[in-house]
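K.L.:
Have a look; sequence and predicted model below, questions after that.
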Amino acid sequence: MTLRLFNTLTSQVEELAPVDGNELRMYACGPTVYDYGHIGNFRTFLQVDVLRRFLKLQGIAPRHVMNITDVDDKIIRNAAAAGVPIGEYTPRFENAFFEDLDALSVEKPEVIARATENIPSMVELIEDLAKQDYAYKTEDGSWYFRIAKFPEYGKLSKKDFSGITDGARVDVDEYDKDSARDFALWKAPKPGEYHWETSLGPGRPGWHIECSAMATKFLGDGLDLHAGGEDLMFPHHENEIAQSESASHKCFARHWFHVRFLLVEGRKMSKSEGNFYTLRDLLLKGYKASAIRMLLISVPYRQQLNFTFDGLAAETGAVERLRTFRDRVRSAQAGTETNPELADETARCRRNFFEALSNDLNTAEARAAIFDLVRAGNAAIDAKKLGAENVTQMLDLLSQFDAVFAVLEDNDARWTKFALDWAARENRLDQVSPELLAQNALGDEEIQALVDKRTAAKRARNFALADQIRNELAEKGVLIEDSKDGVRWKRK
RNA sequence: GCACCGGUGGCGAAGUGGCUAACGCGCUGGUCUGCAAAACCAGUAUUCGCGGGUUCGAUCCCCGCCCGGUGCUCCA
């Protein structure tokens, strides 16, 4: 079953397949490492992760390049404010970014490309463009791309620039550009600003050139796929196309994948709205990494997802139910006789699961198919109508589901602990929710001692004491579950 | 302002010109339990932002309005 995916360039759903062989060459715009990533950033990275995981499940090997923008205006500004060189400022946020991806079970791309490590490739590309008269140098020593020479400009974002008159919006510093629309390839340094000495003159790369240069360097021309957030469509990706195709006179990327922005509690996420959250903010509020992943991938990438705390709590329960179901299937008493209805239902769910993801990565439907399996499987287990073959089939489908959704392995406690340790190091413990703090203050042994005390009280039929202990633990975020095989407890 | 996208039950959402409008959470009832919790089962939108229109028939197509979002400028 081939993946049919919307292509921004053609505005159509098209089959996505490697142009040659089994390797899909994809480039996805990575972060600018000047701060911690927020959930909006991660929705995009998560959706790209779903894409690459599904490709792998289909036997296609992604060769995925992600850039790290480790030099730009904000980095220069923030590093200067912190009084350190940019090379000392960015690693902290780059590391944090990869820790966050890890917490969200995002697979690492095959190639990580840092802008500052690829300056020569960018210089080469700009020189090539200059040779072909697509690039020109201005009085201050900056280089610009001449949009007038690239008639296809606007083909990705479907903008018509023919009627745009120049001079509408001109930066004071950029008065000598040929056209107001022309964008910077290379920026001359302001006094005292960090720069590279190159054949272009001193300066640093413009925002767009790094992606053009590094994509071609690591993947060659004619990428199978190029991905990013919807905001990057214009101007960033449009400019990448202009640079790359002007230089090579070949197609830069065949398929463009853009992930829609999310809303938070029905509003645009922004610092001024007070609804701006980093991953770490959420972990410190006590939300689980798996629930955050589940919520961010459950709404298809082209839909506007409304991120709410109610939704996040709901996903916590949903993930829990899936995990419980898998454990239940694993330890179920299966007979030798296969339940044919269940086998049919499992096959139907599998078909729906693959069909949904193949249909422009409809994660909502794919997920629904798995919950259909959960219901059918649970009913069969309750009715004791379950064969060994049914168990194998269901576990197999669950593992395929998890190859894409990656929420069944429970590493949540580890990541919560990670966030708490980080908060302690960074003096951010005031951002931790009181409940999580209380929960964390109790050691495992301490909890176990209380649980044992309650069990003893129960045995002695002293239910008042037993219930009191249970309530105390509940207030501190520890839940007790009595079961046939003894008493279990867990941190909420 | 111009362009594009969306508005489906308490919440998050899928979907389709006509079969009972998926799925998750929640809620209600049941099984289990000393009581709970957990788990499981069952029920839970005469209806798809509002007003028109096209059609034998519209939540799905067209027009207008209201609301939200995105782009036009840094942003995942």
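P.N.:
Looks like it arrived, so ask away.

K.L.:
Indicate the residue of chain A located nearest to RNA strand B.
P.N.:
Distances between chain A and RNA strand B by C-beta to the nearest atom of the strand are smallest at A:Gly229, namely 1.5 Å. The way it works is simple: take the backbone N, C-alpha and C, and place the C-beta from them, glycine included.

K.L.:
so which helix or strand takes in the residue nearest to that residue when sequence neighbours are not counted?
P.N.:
Leaving out its chain neighbours, the residue that sits closest to A:Gly229 by C-beta to C-beta, 6 or more residues apart in numbering is A:Thr44, at 4.6 Å. Using DSSP states H and E, A:Thr44 sits within helix A:39-57.

K.L.:
State the next helix or strand along the chain beyond that helix.
P.N.:
The helix or strand immediately downstream of helix A:39-57 is strand A:61-68, counting by DSSP H and E.

K.L.:
Tell me which helix or strand in chain A has the weakest average pLDDT.
P.N.:
Across the helices and strands of chain A, mean confidence by mean pLDDT, DSSP states H and E is lowest for strand A:267-268: a mean of 86.

K.L.:
circling back: next, the angle strand A:61-68 makes with the helix holding A:Thr44.
P.N.:
Per axes from the mean of the first three to the mean of the last three C-alpha atoms, to 10 degrees, the angle that helix A:39-57 makes with strand A:61-68 is 160 degrees.

K.L.:
now the longest helix anywhere in chain A: mean pLDDT?
P.N.:
Scanning chain A for the longest helix, with DSSP state H as the assignment, gives helix A:309-330. Here helix A:309-330 scores 94 as its mean pLDDT.

K.L.:
now stretch A:140-155
P.N.:
Mean pLDDT, computed over stretch A:140-155, is 91.

K.L.:
So what touches that stretch?
P.N.:
A:9, A:126, A:129-130, A:133-138, A:160-161, A:173-174, A:176-179, A:181-188, A:200-203, A:206, A:238-239, A:241-243, A:245-246 (C-beta atoms under 8 Å, 6 or more residues apart in numbering).

K.L.:
and if you look at stretch A:396-415?
P.N.:
When contacts are defined by C-beta under 8 Å, 6+ apart, stretch A:396-415 is touched by residues A:49-50, A:53-54, A:56-57, A:103, A:105, A:283, A:288-290, A:293-294, A:297, A:319, A:322-323, A:325-326, A:329, A:346, A:349-350, A:353, A:357, A:363, A:366-367, A:370, A:373, A:491.

K.L.:
Determine how far the last residue of that stretch lies from the first.
P.N.:
With C-alpha to C-alpha, to the nearest Å as the measure, stretch A:396-415 spans 27 Å from end to end.

K.L.:
Report the distance from it to the chain centre.
P.N.:
Relative to the chain's own centre, stretch A:396-415 is displaced by 16 Å; criterion: C-alpha atoms, centre = their mean, to the nearest Å.

K.L.:
Go through that stretch and flag the buried ones.
P.N.:
Of the residues in stretch A:396-415, A:Leu397, A:Leu398, A:Gln400, A:Phe401, A:Asp402, A:Val404, A:Phe405, A:Ala406, A:Val407, A:Leu408, A:Asp412, A:Trp415 count as buried by neighbour count, 16 or more other C-beta atoms under 10 Å.

K.L.:
same question, stretch A:341-352
P.N.:
For stretch A:341-352, the neighbour count (16+ other C-beta under 10 Å) marks A:Leu342, A:Ala343, A:Glu345, A:Thr346, A:Cys349, A:Arg350, A:Asn352 as buried.

K.L.:
for the stretch 151-300 of chain A, what spans make up the helices?
P.N.:
Residue ranges of the helices in the stretch 151-300 of chain A, as given by DSSP state H, counting those that start in this stretch, are A:209-219, A:238-248, A:279-284, A:289-298.

K.L.:
Enumerate every residue touching the residue nearest to A:Gly229.
P.N.:
For A:Thr44, the contacting residues are A:Ala227, A:Gly228, A:Gly229, A:Val259, by C-beta under 8 Å, 6+ apart.

K.L.:
Swap in 10 Å and give it another go.
P.N.:
Listed by C-beta atoms under 10 Å, 6 or more residues apart in numbering, the contact set of A:Thr44 reads A:28-31, A:37, A:227-232, A:257-262, A:296, A:301.

K.L.:
Can you flag which of these belong to strands?
P.N.:
If you go by DSSP state E, those have A:Ala28, A:Ala227, A:Gly228, A:Gly229, A:Phe257, A:His258, A:Val259 in strands.

K.L.:
Contact partners for the third one?
P.N.:
Meaning A:Gly228. Shown in contact with A:Gly228 (C-beta under 10 Å, 6+ apart): A:8, A:27-30, A:44, A:48, A:211, A:236-237, A:240, A:256-259.

K.L.:
6 Å - rerun?
P.N.:
Neighbour list for A:Gly228: A:Cys29 [criterion: C-beta atoms under 6 Å, 6 or more residues apart in numbering].

K.L.:
Please apply the same query to the second one.
P.N.:
In this structure, A:Ala227 makes contact with A:Ala28, A:Val48, A:Phe257, judged by C-beta under 6 Å, 6+ apart.

K.L.:
Take those and write them to a markdown table, including pLDDT.
P.N.:
Listed next are those as a markdown table, based on pLDDT from 0 to 100:
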| residue | pLDDT |
| --- | --- |
| A:Ala28 | 95 |
| A:Val48 | 96 |
| A:Phe257 | 95 |
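
K.L.:
Just name the closest of those residues to A:Asp482, please.
P.N.:
Nearest to A:Asp482 out of the contacts of A:Ala227 is A:Val48 (C-beta to C-beta; 43.2 Å).

K.L.:
Assign A:Val487 to helix, strand or coil.
P.N.:
With DSSP: H, G, I helix; E, B strand; the rest coil as the basis, A:Val487 sits in strand.

K.L.:
Read off the pLDDT value for it.
P.N.:
For A:Val487, the model assigns a pLDDT of 90.

K.L.:
Relative to A:Ala456, how far out is it?
P.N.:
From A:Val487 across to A:Ala456, the span is 11 Å (C-beta to C-beta, to the nearest Å).

K.L.:
returning to what we had before: go through the buried residues of stretch A:341-352 and flag which are in helices.
P.N.:
Among the buried residues of stretch A:341-352, the ones falling in helices (DSSP H) are A:Leu342, A:Ala343, A:Glu345, A:Thr346, A:Cys349, A:Arg350, A:Asn352.

K.L.:
close enough to count as contact, the first one and A:Ile381?
P.N.:
Read that as A:Leu342. No - if you go by C-beta atoms under 6 Å, A:Leu342 and A:Ile381 don't touch, sitting 9.6 Å apart.

K.L.:
need the contact list for A:Lys285.
P.N.:
Applying C-beta under 6 Å, 6+ apart, the residues near A:Lys285 are A:Ser433.

K.L.:
Would you mind measuring from it to A:Ser199?
P.N.:
As judged by C-beta to C-beta, A:Lys285 and A:Ser199 stand 51 Å apart.

K.L.:
circling back to that earlier point, what angle do helix A:289-298 and the helix holding A:Thr44 make with each other?
P.N.:
Using the same axes, to 10 degrees, helix A:39-57 lies at 80 degrees relative to helix A:289-298.

K.L.:
and helix A:39-57, which residues are buried?
P.N.:
Using 16+ other C-beta under 10 Å as the test for burial, helix A:39-57 gives A:39-55.

K.L.:
restrict those residues to those near RNA strand B?
P.N.:
Subset of the buried residues of helix A:39-57 in contact with RNA strand B: A:Gly40, A:Asn41, A:Arg43, A:Thr44, counting by C-beta under 7 Å from any atom of the strand.
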